[in-house]
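Visitor: What follows is a predicted structure for the sequence shown.
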Amino acid sequence: MKLIRQQIPTLFILVFTLLCSDRTWAQSKAPLEPAQMSARTTFYVIWRGTPAGDARNANSLLALWDDPDLAPLRAAALQNMQSSSAKDPSKPQLSREEIEQTSSLLENSFVLGYLRKPETKAAPAKSTDHPWNGIFFIYDRTGKEMLLAKTVLRFRIQEKDPPQVSTITVAGAPALKIARKDSVNYWTERGKYAVGAADLTVFEEILARLDGKSVGQSLAETAAYQEAHPTFHGGLLEFFLRIPQLKDFASGLPANSPVKIEPLLDALKLDSIHSLSGHLTLEGAKARMQGAVLGDVAPGTLFDVWTASQQTPASLQFASPDLVSYNETQFNLSAFYDLLKRALRVALPQQQQGSIEMMEGFAATRIGMPVPDALALFGGEFASIQSNPAMDPLKAVYYVGIRNKEDSLKLLRSVFGEQLGSERNEGDTTFVKVSLGGSQGSSGVAQWNFYHLAVTPNFLLASSRSETLREFLARRSPGNAATQPALPPAFQTARAQFPSNVAGLAFVNFQKIDYQALKTRWIEESKKSPRPASKSATNLPQSAPGQVPDWLLNLNPEVFPRHLHYLAGASWKDPKGIHFDEWLE
């Protein structure tokens, strides 16, 4: 559940996925609002359509997407949409124009949701004999009627086993029943909407609610929704998930599974987490993602994993005016371990209970101390700090808060054993080198991966290069006048937007990045790497080993600082749950 903060912006993933079009359309009303949805709705996602021209042009992220200099990256992203079908030569490949046309369907609004199975035993199972599937989809097809029909037909004929399609009557109107070996779907057009569902009873209920007919309590009347509503309602994108209802999916697991999921979820007190919700809004030049995990934060629940918020994280002392990116978060590792043990004791069969103590004993022998004692050595704060404009990973420094230096060194010696190099003490800091193993490079020469650590009474720093670590510490040594420099102005402005106490912070100064140097480094890595180094970062189509992707060669790096200034995010814990707020300008 690592949803609190990410260095790769959540906003990029969401908006770039949904806005693969250069056109501008008026933002639409959602086909089905929460007040019209059933109280049995487990989750929903509402996309309200591409914003209007003025809002789009004013927004930094959307202006970047529309910039002609980003064309190589846009084309590569669109091409990646059909990468899965490219592995099957029997499936015809879409042209770039066809991909752009299909992606333009996202200019209109839609709702995707799921209804849990009715609890009434007398409810008729009149759809199929397949397991319950409460998924439904509603799309505003205004102006997209022909394109939608063409797209659905294209995907249908690409299936290896074409489905059986028949016409049925639902709620007095014709509809299509699409039967496959392991599933059945229903599809119809209702006014300006296209409606689909995987169960006939769900299909009928969604059509009735779309027609404005009352079918019992609505989602907006439930306690979970009303609790979350002030946090996330409205915006370009809106999502809501009722966490306790995830237990419904556990019942569909094999009965002979060695681990019983439902008792495990009960032991974790899943019911204490009421909902996960959030929304994406455009506020002038900013794109903002806000959300929350709400529930009962009493001790003994999953909320224990997050520590109480604090005003000034300890790692913030290492931020400086030359900061490019900073990510910090705080977790209670001991609480996580206690929850895990409690859950396993409930989930495992009686004859396997002894394996928990056996594994715990083996781990204690390996690390030289009981596992709870080892976890208690960590303060729970973790951070990454980057001041190199080219974002060179060898220049990044990682921070881990600790409570006891000597015991932490003892733990490192036990865990790494012979992989731990000689120790050198300089003042109250101990420098050690850890070998992470060797590999053979493309030239046939053995290469060894090392990490360098600096252990102090209160924290541990790690970096790929010894020089990076020492330069980092030297700039912040007690004898240096710049030990505690002022934070970058953009960081100070961003920090002021969030609560005084936080459990996590994230900041990226896009204006500090040397994009030309970053592009050059990626090109060099692509040439010498058997697998392009940029793959994990971009998930874009890859060239042959040792060949630089065309999109990277043709991309103008100046397009990014032209539109982007900085990303800022924070998370915090309060009596209602965990909140997160991230915005990009």
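Guide: Received, thanks. Numbers count the residues shown, from 1 in each chain.

Visitor: Please identify the helix or strand for the closest residue to residue 551 other than its chain neighbours.
Guide: For residue 551, ignoring the flanking residues on the chain, the nearest one in space by CB to CB, 6 or more residues apart in numbering is residue 76 at 3.9 Å. No exception for glycine: its C-beta is placed from N, CA and C like everyone else's. In this assignment (DSSP states H and E), residue 76 forms part of helix 71-80.

Visitor: tell me the mean pLDDT over that helix?
Guide: The pLDDT scores in helix 71-80 average 74.

Visitor: other SSEs contacting that helix?
Guide: Secondary-structure packing of helix 71-80 (3 or more CB pairs under 8 Å, 6 or more residues apart in numbering; DSSP states H and E): helix 96-103, helix 550-554.

Visitor: chain center to that helix, what's the gap?
Guide: 22 Å (CA atoms, centre = their mean, to the nearest Å).

Visitor: do stretch 451-470 as well
Guide: Offset of stretch 451-470 from its chain centre (CA atoms, centre = their mean): 29 Å.

Visitor: Equivalent analysis for stretch 492-499, please.
Guide: 23 Å.

Visitor: residues in contact with it?
Guide: Stretch 492-499 has contacts (CB atoms under 8 Å, 6 or more residues apart in numbering) with 309, 486, 487, 505, 507, 566, 568, 570, 572, 581, 583.

Visitor: Now with 10 Å, please.
Guide: Residues from elsewhere that reach stretch 492-499 (CB atoms under 10 Å, 6 or more residues apart in numbering): 288, 309, 311-312, 316, 486-488, 502, 504-507, 509, 566-572, 574, 579-581, 583, 585.

Visitor: Now do the end-to-end distance for that stretch.
Guide: End-to-end distance for stretch 492-499, by CA to CA, to the nearest Å: 13 Å.

Visitor: What is the neighbour count of the residue nearest to residue 551?
Guide: When neighbours are defined as other CB atoms under 10 Å, residue 76 has 20 of them.

Visitor: before we move on, back to that, can you tell me which of the helices and strands packed on helix 71-80 has the worst average pLDDT?
Guide: Per-stretch mean pLDDT for the helices and strands packed on helix 71-80 is lowest at helix 96-103 (a mean of 72).

Visitor: Next, the angle helix 71-80 makes with that one.
Guide: Helix 96-103 runs at 70 degrees relative to helix 71-80, counting by axes from the mean of the first three to the mean of the last three CA atoms, to 10 degrees.

Visitor: following helix 96-103, which helix or strand comes up?
Guide: Where DSSP H and E defines the elements, the next helix or strand beyond helix 96-103 is strand 110-115.

Visitor: returning to that earlier point: make JSON lines out of the helices and strands packed on helix 71-80 and add distance to residue 229 and mean neighbour count.
Guide: Formatted as JSON lines, the helices and strands packed on helix 71-80 follow (distance: least, CB to CB, whole Å; neighbours: other CB atoms under 10 Å):
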{"stretch": "helix 96-103", "distance to residue 229": "31", "mean neighbour count": "16"}
{"stretch": "helix 550-554", "distance to residue 229": "42", "mean neighbour count": "16"}
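
Visitor: Relative to residue 420, which of the ones you listed is closest?
Guide: Among these, the nearest to residue 420 by CB to CB is helix 550-554 (38.4 Å).

Visitor: can I get the CA coordinates of the helix or strand that comes right after the closest one in CSV?
Guide: Next helix or strand after helix 550-554 toward the C-terminus (DSSP H and E): helix 559-563. Provided in CSV are the C-alpha atoms of helix 559-563 (Å, rounded to 0.1, in the frame of the first residue of the first chain):
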residue,chain,number,x,y,z
VAL,A,559,10.4,21.1,-23.8
PHE,A,560,10.3,20.1,-20.1
PRO,A,561,11.7,23.2,-18.4
ARG,A,562,9.5,25.3,-20.8
HIS,A,563,6.4,24.0,-18.9
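
Visitor: Return the distance of helix 559-563 from the chain's centre.
Guide: The chain centre lies 24 Å from the centre of helix 559-563; the measure is CA atoms, centre = their mean.

Visitor: List the contacts of that helix.
Guide: Contacts of helix 559-563 (CB under 10 Å, 6+ apart): 59-73, 285, 510-515, 518, 556, 585.

Visitor: Repeat the analysis, applying 7 Å as the threshold.
Guide: 60, 63, 64, 67, 69, 70, 510, 511, 515 (CB atoms under 7 Å, 6 or more residues apart in numbering).

Visitor: same question, stretch 382-402
Guide: By CB under 7 Å, 6+ apart, stretch 382-402 touches 314-315, 318-320, 322-329, 377-381, 408, 458-465, 468-469, 472, 512-514, 517-518, 521.

Visitor: Enumerate the positions of stretch 276-283 that are buried.
Guide: Buried residues in stretch 276-283, counting neighbours by 16 or more other CB atoms under 10 Å, are found at 276, 277, 278, 279, 280, 281, 282.

Visitor: Now render those residues as TSV, adding pLDDT and distance to residue 357.
Guide: Below are the buried residues of stretch 276-283 laid out as TSV (pLDDT from 0 to 100; distance: CB to CB, whole Å):
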residue	pLDDT	distance to residue 357
276	95	34
277	96	40
278	95	40
279	94	46
280	92	47
281	90	50
282	87	54
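
Visitor: Where does pLDDT dip in the chain?
Guide: Scanning the chain for pLDDT under 70 picks out 1-28, 52-53, 78-96, 120-129, 251-260, 437-448, 476-486, 529-546.

Visitor: Which residue comes closest to residue 298 once chain neighbours are left out?
Guide: Of all residues not flanking residue 298 in the chain, residue 272 sits nearest, at 7.2 Å (CB to CB, 6+ apart).

Visitor: residues contacting that neighbour?
Guide: By CB under 7 Å, 6+ apart, the residues touching residue 272 are 295, 296, 301, 302, 303.

Visitor: Do I have it right that the fourth one meets residue 265?
Guide: Read it as residue 302. No. At 10.2 Å, residue 302 does not count as touching residue 265 under the criterion of CB atoms under 7 Å.

Visitor: From the contacts of residue 272, list the buried ones, please.
Guide: By neighbour count, with 16+ other CB under 10 Å, the contacts of residue 272 hold 295, 296, 301, 302, 303 as buried.

Visitor: distance of residue 526 from residue 515?
Guide: Going from residue 526 to residue 515 by CB to CB, to the nearest Å gives 16 Å.

Visitor: what does residue 208 give?
Guide: In terms of CB to CB, residue 208 sits 53 Å off from residue 515.

Visitor: Of those two, give the one with the bigger neighbour count.
Guide: For residue 208 versus residue 515, neighbours defined as other CB under 10 Å are more numerous around residue 515 (18 against 14).

Visitor: What segments of the stretch 351-500 of the chain are helices?
Guide: 354-367, 371-376, 405-416, 466-474, 489-495 (DSSP state H, counting those that start in this stretch).

Visitor: quick one: the helices in the stretch 201-350 of the chain?
Guide: Counting by DSSP H, counting those that start in this stretch, the helices of the stretch 201-350 of the chain are 223-232, 247-250, 261-267, 333-347.

Visitor: Ok, the stretch 51-200 of the chain next?
Guide: Ranges of helices in the stretch 51-200 of the chain, per DSSP H, counting those that start in this stretch, are 53-58, 60-66, 71-80, 83-86, 96-103, 145-157, 200-210.

Visitor: Restrict the second one to CA atoms and write it as CSV.
Guide: Once non-C-alpha atoms are left out, helix 60-66 reads as follows in CSV (Å, rounded to 0.1, in the frame of the first residue of the first chain):
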residue,chain,number,x,y,z
SER,A,60,1.4,23.3,-17.3
LEU,A,61,1.1,19.6,-17.6
LEU,A,62,-1.4,19.7,-20.4
ALA,A,63,0.5,22.4,-22.2
LEU,A,64,3.5,20.2,-22.1
TRP,A,65,1.5,17.3,-23.6
ASP,A,66,0.3,19.5,-26.5
